[in-house]
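Colleague: Curious how this folds, go ahead:
(one chain, ligands or ions: 1)
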Amino acid sequence: MNQMSGKNALLTGATGGIGPHIARALAANGINLVLSGRRADRLRELSAELRSGSVRIETATADLTRVDELEDLAGNAVGALGQIDILINNAGLEEIVPYQRQEPAQIQATVLTNVMAPLLLTRILLPAMLARSDGHIISLASMAGRLAMPFGSAYSGTKAALSEWALSLWMELQGTGVKVTAICPGFVTGSGMFARKGRDAPGSLGSCTPGQVAEAVVKALQSNKPEILVNSMPVRPLMVLKSISPVAAARLGDKLGLLEFLRSLTKPAEKAASE
Ligand SMILES: NC(=O)c1ccc[n+]([C@@H]2O[C@H](COP(=O)([O-])OP(=O)(O)OC[C@H]3O[C@@H](n4cnc5c(N)ncnc54)[C@H](OP(=O)(O)O)[C@@H]3O)[C@@H](O)[C@H]2O)c1
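Modeller: Residues are numbered from 1 along each chain as shown. All right, here's what the predicted structure looks like:
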């Protein structure tokens, strides 16, 4: 039996994209799950699939933009499994659009889903983890939060906030038995918010699969790393360059095709706006 087997996890964003891949990987490692999202039908389907194994699978619907639902979500998860040892903040919201065209309500939903919900769910579940000297908070951040993402600036800003928060908390919780990890995927192919756009990113920017992201989550649980990057291309050098010269990093990103590619993803919105 591995160290993870028998632990209990709350997974947000379990209804689509990368979430079900993470759920399957965790269940395969013997982790009991509370699956969460807004779409109850998807939660029912995934729980029926995973219940055929030996793990306990429960579901809890919640809208993460509703701050008043977060206490209930955490309470229902603890009630369902007895305790939550692992919180996986996976749910996220992204829109590729020129910032001046992004609806204020969408900006607000992005901040609530990508930052406020992970921070508050952690705040609710952390005291019990600290009391047991055991726990792990894993958050799906993004390369977009480490290297900037033109035309996805609200998304990028929230993911940068999530990354810095996670690293701060990782430092703060050293020696407590509670671990913190930010997982930073690049463009994810096959399923998820980027794959739905139906266009491949330039090869020079790299990519990864939902399976690789799920593997990174399992790897995180076996280590005490504050951050795991998931991308087919080495991106640390670009991050180092950005810390020395944001302008040089932006120019290099431009040369690699980032700006042009993301601009091209806004085209359907521009067309719709002109019709
Ligand atoms: N896909 C990529 O290329 C990529 C790259 C880097 C990082 N990431 C990060 O990886 C995570 C998963 O991404 P993904 O591609 O799987 O996204 P996705 O396919 O769009 O799925 C998003 C998930 O979040 C849930 N969600 C969204 N808004 C919610 C809300 N208000 N309340 C509750 N749940 C909500 C959705 O469930 P319901 O609709 O059922 O509520 C869904 O399960 C995100 O944090 C994302 O930022 C993705």
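Colleague: what's the closest non-adjacent residue to the closest residue to the ligand within the stretch 101-250 of the chain?
Modeller: When distances are taken as C-beta to the nearest ligand atom, the stretch 101-250 of the chain reaches nearest to the ligand at residue 192, 2.6 Å away. Just so you know, the C-beta spots here come from the backbone N, C-alpha and C atoms, and that holds for glycine as well. The shortest distance from residue 192 to any non-neighbouring residue, by C-beta to C-beta, 6 or more residues apart in numbering, is to residue 17 (3.6 Å).
Colleague: I'd say the residue of the stretch 101-250 of the chain closest to the ligand and residue 15 touch.
Modeller: No: with contact defined as C-beta atoms under 8 Å, residue 192 does not count as touching residue 15 (11.9 Å).
Colleague: what sits against the residue nearest to residue 192?
Modeller: Applying C-beta atoms under 8 Å, 6 or more residues apart in numbering to residue 17 gives the contacts 188, 191, 192, 193, 195, 210.
Colleague: swap in residue 22?
Modeller: Counted by C-beta under 8 Å, 6+ apart, residue 22 has contacts 11, 14, 88, 90, 213, 214, 217.
Colleague: Next, the first one: phi, psi?
Modeller: Dihedral pair for residue 11: phi -110, psi 120, per degrees, to the nearest 10.
Colleague: Let me have the contacts of residue 17 in CSV, adding pLDDT as columns.
Modeller: Shown next, in CSV, are the contacts of residue 17 (pLDDT from 0 to 100):
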residue, pLDDT
188, 97
191, 96
192, 95
193, 95
195, 94
210, 98
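Colleague: Just the ones of the residues you listed in helices?
Modeller: Judged by DSSP state H, the contacts of residue 17 include residue 210 as members of helices.
Colleague: Max pairwise distance over the contacts of residue 17: which two?
Modeller: Distances among the contacts of residue 17 were taken as C-beta to C-beta; the most separated pair is 193 and 210, at 11.1 Å.
Colleague: So which of these two has more stuff around it?
Modeller: residue 210 (22 against 18; other C-beta atoms under 10 Å).
Colleague: which residues touch that one?
Modeller: Taking C-beta under 8 Å, 6+ apart, we find residue 210 in contact with 17, 18, 21, 188, 190, 191, 192.
Colleague: Swap in 6 Å and give it another go.
Modeller: The contact partners of residue 210, by C-beta atoms under 6 Å, 6 or more residues apart in numbering, come to 18, 21, 188, 190, 191.
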